[in-house]
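**Student:** Sequence below, structure please.
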Amino acid sequence: MANIKIGIAGTRGLSTLMGLQNIPYVEIAAMCDLDEQHLNDAAEKIGGDIKKYRVFDDMLESDIDAVIIATPMQCHVPQAIAALEAGKHVMCEVTAGVTMDELFWLCETVEKYKKIYMFAENYIYDPRVQQLKNMVAHGVFGEPYYAEGMYLHNIGNLFVYPNGKTSWRSFWQCGKRGNFYPTHSVGPVMQWFPGDRITEISTFSPGVWNTLGLKQDSGTTTMCRTANGKLLNIRVDCMSPRPHNMDNYQLQGTNGIAQLKMHGQDIDRVSFIGEDSPLHEMKWKKLDEFDMYVPERYKHATEEQLKAGHNGGDFFIVEDFINAIRTNTQPELDVYKACEWTAVGLLSELSVVNNGKTMQVPNFRPQMPLEEKRIIL
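**Tutor:** A predicted model of the protein is given here:
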């Protein structure tokens, strides 16, 4: 079997490093970054005979088979399109794009060149998220109808680079309003509503309370309704003074509920209606008691795979990307899901400045007609 040669764009792409190094017949062949010092440091960490590039297009001219894009978010679509046109497969970090038009262009390009495009939403691969997905599939929660996903991460230290220059985050993330970074919240909770999609959103916020002179709200809440009438509560707060909390999730069904560390250091827990727990006397149980629902590949993960990051999630997302390339099959996290979940954030910018106005989310799908590629007010 021939090696699959990977090029990594952006030093943040090293989050995939251990995953790539633990898959047979995969070679990290090239690395690209504008910052020469970061590039040299990253290449040294990767090791081997890796080719280094300052210009992304130059790396695309090499004999790599696929690109992992981990550059600032405003670069994602231009670089993904360039890579697809060059005949390379793409795994792209979140978010998929920074404008609605970019999302439409991205779908069109993937369809035109028929290469693999995978969205690198690694929070989906957390073993607890996958465990709840399996429990939903087995009907443990009854019919799920409500979920919460919250990404609470103060990033006040990331607005200026160590050299004193203003970071891109001051503009493309926190230089605007709305739920700019929704996919770490949307992606996991949508795992629990298989076959459904988000059709409309409304976004609200308490306003701007930071003292940094940035436009980003001090917390936004986006309510999402799905095609099947389910409700999602998506919250992002990267401005308020608070400890980091990346895994605030809740799932409510007709037969029970799950909470994943909703209280800081609290345990992951579930509760169900049953003979020992009638409706008005329901009791919490540790999620660990239901480890029989943990997917097999997590149960049998090696120590090296688990070290890849996010409890093994950073290995399994890379494994799925490589398998998609080998089988020439678009992955579950395809371009249409990438665009739907990213659109939640982009449309929230219009909603929050218009008093929570309900915005329609396009139905991203193959051969989407031109008349649907627009924002409906």
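**Student:** CA atoms for contacts and neighbours, from now on please.
**Tutor:** Will do.
**Student:** residue ranges with poor pLDDT in the stretch 251-377 of the chain?
**Tutor:** Under the criterion pLDDT under 70, the flagged ranges of the stretch 251-377 of the chain are 262-265.
**Student:** Now do the helices in the stretch 201-350 of the chain.
**Tutor:** For the stretch 201-350 of the chain, applying DSSP state H, counting those that start in this stretch gives helices covering 296-299, 303-306, 313-327, 335-352.
**Student:** Gly87: which of those helices is closest?
**Tutor:** helix 313-327 (12.3 Å; Cα to Cα).
**Student:** helices or strands up against the closest one?
**Tutor:** helix 17-21, helix 303-306 (3 or more Cα pairs under 8 Å, 6 or more residues apart in numbering; DSSP states H and E).
**Student:** which one of those is the most hemmed in?
**Tutor:** Comparing the helices and strands packed on helix 313-327 by mean neighbour count (mean count of other Cα atoms under 10 Å), helix 17-21 ranks first with a mean of 20.
**Student:** ok, residues contacting that one?
**Tutor:** Under the contact criterion Cα atoms under 8 Å, 6 or more residues apart in numbering, helix 17-21 has outside partners 26-28, 46, 304-305, 307-308, 314-316, 318-319.
**Student:** Mind doing that once more with 10 Å?
**Tutor:** Around helix 17-21, the neighbours that count as contacts under Cα atoms under 10 Å, 6 or more residues apart in numbering are 6, 8, 14, 26-28, 45-46, 304-309, 312-319, 322.
**Student:** Narrow those residues to those that are buried.
**Tutor:** 6, 8, 14, 26-28, 46, 305-309, 312-319, 322 (16 or more other Cα atoms under 10 Å).
**Student:** what separates the residue in the chain sticking out farthest from the centre from Met282, distance-wise?
**Tutor:** Most distant residue from the mean C-alpha position of the chain: Glu275, 38.6 Å away (Cα atoms, centre = their mean). Computed as Cα to Cα, to the nearest Å, the Glu275 to Met282 distance reads 10 Å.
**Student:** Now do the same for stretch 39-57: mean pLDDT, whole number.
**Tutor:** Taken as a whole, stretch 39-57 has an average pLDDT of 93.
**Student:** quick one: buried residues of that stretch?
**Tutor:** For stretch 39-57, by 16+ other Cα under 10 Å, it's Leu39, Asn40, Ala42, Ala43, Ile46, Lys52, Tyr53, Arg54, Phe56.
**Student:** Redo these as JSON lines? Include distance to Ala120.
**Tutor:** Below are the buried residues of stretch 39-57 laid out as JSON lines (distance: Cα to Cα, whole Å):
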{"residue": "Leu39", "distance to Ala120": "21"}
{"residue": "Asn40", "distance to Ala120": "24"}
{"residue": "Ala42", "distance to Ala120": "20"}
{"residue": "Ala43", "distance to Ala120": "21"}
{"residue": "Ile46", "distance to Ala120": "20"}
{"residue": "Lys52", "distance to Ala120": "23"}
{"residue": "Tyr53", "distance to Ala120": "22"}
{"residue": "Arg54", "distance to Ala120": "23"}
{"residue": "Phe56", "distance to Ala120": "19"}
